[in-house]
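K.L.:
model this:
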Amino acid sequence: MIPSNRRRITLVAFVTAAMMLAVYMFHDSAIRAGTSLYSSTQAQQQQAVATATTKDLEAQKQQIEELKREVDKLRESISKHKEMPKLTTTSDADAKKKQKDEACKNAVRNIDYYHSVNHEQFWQHASPQVWADQIRAWRSYMDSVPSWESVSAKHEMKGRGIVIAGGNGDTLDRTKVTLRMLRELNSTLPVEVHYIRGELGKAEIEKLKELGATPRDLSDESNLFSVQKMVGKEKNFHIKSAAMINSRFEEILYLDSDSMPVRDPRYLFGYDEYEKTGTMFWPDYWKTHKENPIWDILDAPCADEWEQESGQVLLNKRTNWKPLLLANYMSMHSEFYFQLINGDKDTLRFAHKALKMEYFMVPKFLTAGGLIWDDRFCGHTMIQHDPDDAPMFIHANLLKEFPRDRLNPDTETNTGKGVFRTFKMYTVSRGNTWLKPRFYVSSGGQNCMEIDAGGGEPDIREESFENLVPGWNAFYKRNGGQGGGR
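P.N.:
Below you'll find the model as predicted:
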């Protein structure tokens, strides 16, 4: 909502302009009437009066011209208000609240409580000026972004390929595992590995090349977006969108270093949904709170839908160039936007909403993969499916938090062998939003995901991981998978 003082300034400007225009119209009519009057009279005795009146009218004309110039200046000033956030009236606010209450009444049962609790004070107490400034800022940025045509020509972006961001410590080890898997799967898609300068030495760079990847320095000044490591940040979320933008591919499959393909992913580019929208996104466990200001800042109607899990993203940059740049803008302004959304994972979904562009989200809800840990199921992996519901990506997002000495490919206990032992999925999950995934911390302090039922949710299928992805543990071990990351 625009602050009251700015509304008053805008109103005064409009009233002043209207008054000046009225004066202009009145005097212009007077001029025409006076000219007609004095041109029609032929009385010699009034010639002197006519001459004097003409001089007066000329002076009035000059004054009117000055008034017109002032009106033009006001018009120019008023036009700038079009760039400002649309004035929200009380009825508008009431309508938005009603829409949120109706559309998202069930979303609260699936929000990420840890993120919401940590930031809801900011949501509630930030001034309206903060939201207005952010709206104006992102819209202004989008008016100035470079076109796809100019960028792709300069940087020679073409073809299809895989983009991985990660070059430090365990991230590099996981990247190597994925590269070996792609080689065993006979994938012919070229691969780029993007890293921040200083993360990789010459030996590591050569090793990546041996595994068939092209290393790319995100800190290179010739990049469209050159990025540096953020000091004091545990995670550098901003490198993901930067890697996508700077990639030399026109169409990309982005993979987190811990998101591993079950089969050669080339076929994903052939789905009708991708060809129509240039996108393929995958669902997360959570939904966005209806009170989150992100809905209003990006002018998007609240929706009871799963957030985007960005461990894997299929994107045609040519047709989705502007949403990609807006997602990158949000990541580069993480001090604000990451108080609304949890890291980079949902920036592309909201960027598409902000720009009123269609995107495709795989309809099947993800499957939880994990094992029995501290006497109960602990999900450490998100199993994502293709549009035909077949398992496609094993995104071991929480696996790195397990102790490696207790969980590695050689671990054998009474619950089974290997790192991936059990899966849990809803029996009816395609397009279903009435589900109950839940985060918890085990008795031993381990972060875990659980799949619950009992509140009207579908039944749960719980079986051996090998029944879902036969041979996966052996495939993982054979390509250098190490299990826990600490």
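
K.L.:
gap between the residue sitting nearest the centre point of the chain and residue 341?
P.N.:
For the chain, residue 347 is the residue whose C-alpha lies nearest the centre (Cα atoms, centre = their mean; 1.5 Å). Applying Cβ to Cβ, to the nearest Å, the value for residue 347 to residue 341 is 7 Å. Heads up, the C-betas are built off the backbone N, CA and C, glycines and all.

K.L.:
Just give me the residues shared between the contact sets of the two.
P.N.:
residue 330 (Cβ atoms under 8 Å, 6 or more residues apart in numbering).

K.L.:
What helices and strands are in contact with the top strand by length along the chain?
P.N.:
Taking DSSP state E as the criterion, the chain has its longest strand at strand 376-385. Secondary-structure packing of strand 376-385 (3 or more Cβ pairs under 8 Å, 6 or more residues apart in numbering; DSSP states H and E): strand 367-373, strand 391-395, strand 422-426, strand 447-452.

K.L.:
Tabulate the ones you listed in JSON lines, adding columns for distance to residue 406 and mean neighbour count.
P.N.:
JSON lines is the format used below for the helices and strands packed on strand 376-385 (distance: least, Cβ to Cβ, whole Å; neighbours: other Cβ atoms under 10 Å):
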{"stretch": "strand 367-373", "distance to residue 406": "9", "mean neighbour count": "23"}
{"stretch": "strand 391-395", "distance to residue 406": "20", "mean neighbour count": "24"}
{"stretch": "strand 422-426", "distance to residue 406": "16", "mean neighbour count": "23"}
{"stretch": "strand 447-452", "distance to residue 406": "14", "mean neighbour count": "19"}
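
K.L.:
For residue 472, which of the ones you listed is the nearest?
P.N.:
strand 391-395 (6.8 Å; Cβ to Cβ).

K.L.:
what's the closest one packed up against?
P.N.:
For strand 391-395, the packing partners by 3+ Cβ pairs under 8 Å, 6+ apart are strand 259-261, strand 376-385.

K.L.:
Show me what residue 417 is bridged to.
P.N.:
residue 412 (DSSP bridges).

K.L.:
can you give me the helices for the stretch 201-350 of the chain?
P.N.:
202-210, 238-246, 272-277, 294-297, 321-332, 334-337, 347-354 (DSSP state H, counting those that start in this stretch).

K.L.:
Quick one, which of those helices gets closest to residue 177.
P.N.:
Comparison of those against residue 177 by Cβ to Cβ identifies helix 202-210 as nearest, at 12.5 Å.

K.L.:
any idea of the mean pLDDT in the closest one?
P.N.:
For helix 202-210, the mean per-residue pLDDT is 96.

K.L.:
Show me what it is packed against.
P.N.:
So helix 202-210, by 3+ Cβ pairs under 8 Å, 6+ apart, packs with helix 169-184, strand 213-217.

K.L.:
In the protein, where is pLDDT below threshold?
P.N.:
1-57, 60, 63-64, 67-90, 230-237, 412-416 (pLDDT under 70).

K.L.:
State whether residue 119 is indeed within a helix.
P.N.:
Yes: secondary structure of residue 119 (DSSP: H, G, I helix; E, B strand; the rest coil): part of a helix.

K.L.:
Number of residues surrounding it?
P.N.:
Residues near residue 119, counting by other Cβ atoms under 10 Å, number 18.

K.L.:
Give me the nearest residue to it, chain neighbours excluded.
P.N.:
Spatial nearest neighbour of residue 119, chain neighbours left out: residue 339 (4.6 Å); criterion: Cβ to Cβ, 6 or more residues apart in numbering.

K.L.:
same deal with residue 238?
P.N.:
Nearest to residue 238 is residue 331, by Cβ to Cβ, 6+ apart, at 4.3 Å.

K.L.:
State the number of residues packed around that neighbour.
P.N.:
Residues near residue 331, counting by other Cβ under 10 Å: 21.

K.L.:
so it sits right up against residue 243, yeah?
P.N.:
No: between residue 331 and residue 243 there is no contact under Cβ atoms under 8 Å: 10.9 Å.

K.L.:
Find the nearest non-adjacent residue to residue 322, please.
P.N.:
residue 355 is the one closest to residue 322 (Cβ to Cβ, 6+ apart), at 5.8 Å.
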